[in-house]
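> Predicted model follows, preceded by the sequence.
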Amino acid sequence: MRTILFIGDSITDCGRRNDAEQLGDGYVRIIRDWLIVKEMGGAPRVINRGISGNRVTDLRERWREDVLALSPTTLSIKIGINDVWHSLGGRNEGVPLPKFVDTYREILQMTRRELPNCHLVLCEPSVIWPPQPAEGNTVLRGYVSAVHDLAREYHAQCVVPLHGVFNRAREARPDVVWAPDGVHPSHAGHMLIARTWLATTGML
């Protein structure tokens, strides 16, 4: 059976551990529901392995248990927000860009080695807008670029362009609250992630 596994931080987690289906109430559930409606009995199994607060280094620590052991046929990775956000405002808990790249490369190498037929879907980290520190979105651009470089290096199926999509959405519809605290998406924001993911992967 085809299996899509989503892994990341709180934007992926979205309360999944308080949910009987372990999907949460964000973009992962929206994608799962769309695929069920579209394909019915042929829809893939969907697994959510997001954990709030995670950085790429946290993913590395749980990669074998939460990814490799589950043998997904498609793996979607969305990470990078906390790697930047936790270094802003005088905090020193983020992951510098060189270490972000090295650690991300390590988990991709493990995946290619042990799950050579797994389709990789890398998601750009979305946005860090005010009221978060003003430099957040500018710093994040380097991490977005790194995701594209790694996608080319490891022959990912695609990169889901969430950073650009969110910025364009805010320009087009500033009246819509896309991310109330500047990081975590609203329901409209999760719908935007889900639609962009489905369109980019060709599953829409």
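On my side now, so go ahead. Residues are numbered from 1 along each chain as shown.
> from here on, contacts and neighbour counts on C-alpha atoms
Noted.
> all strands of the chain, in order?
3-8, 45-50, 74-78, 119-123, 158-160 (DSSP state E).
> Dump the ones you listed into JSON lines; add mean pLDDT and distance to residue 140 as well.
Formatted as JSON lines, the strands of the chain follow (pLDDT from 0 to 100; distance: least, C-alpha to C-alpha, whole Å):
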{"stretch": "strand 3-8", "mean pLDDT": "98", "distance to residue 140": "16"}
{"stretch": "strand 45-50", "mean pLDDT": "97", "distance to residue 140": "20"}
{"stretch": "strand 74-78", "mean pLDDT": "98", "distance to residue 140": "13"}
{"stretch": "strand 119-123", "mean pLDDT": "98", "distance to residue 140": "13"}
{"stretch": "strand 158-160", "mean pLDDT": "98", "distance to residue 140": "15"}
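> relative to its centroid, which residue of the chain is most remote?
residue 41 (26.3 Å; C-alpha atoms, centre = their mean).
> Pairing-wise in the sheet, spell out the partners of the residue nearest the centre of the chain.
By C-alpha atoms, centre = their mean, the chain has its centre lying nearest to residue 78, at 1.8 Å. When bridges are taken as DSSP bridges, the partners of residue 78 come out as residue 8, residue 123.
> any idea how far residue 111 is from it?
15 Å (C-alpha to C-alpha, to the nearest Å).
> ok, now residue 13?
Distance, residue 13 to residue 111, using C-alpha to C-alpha: 21 Å.
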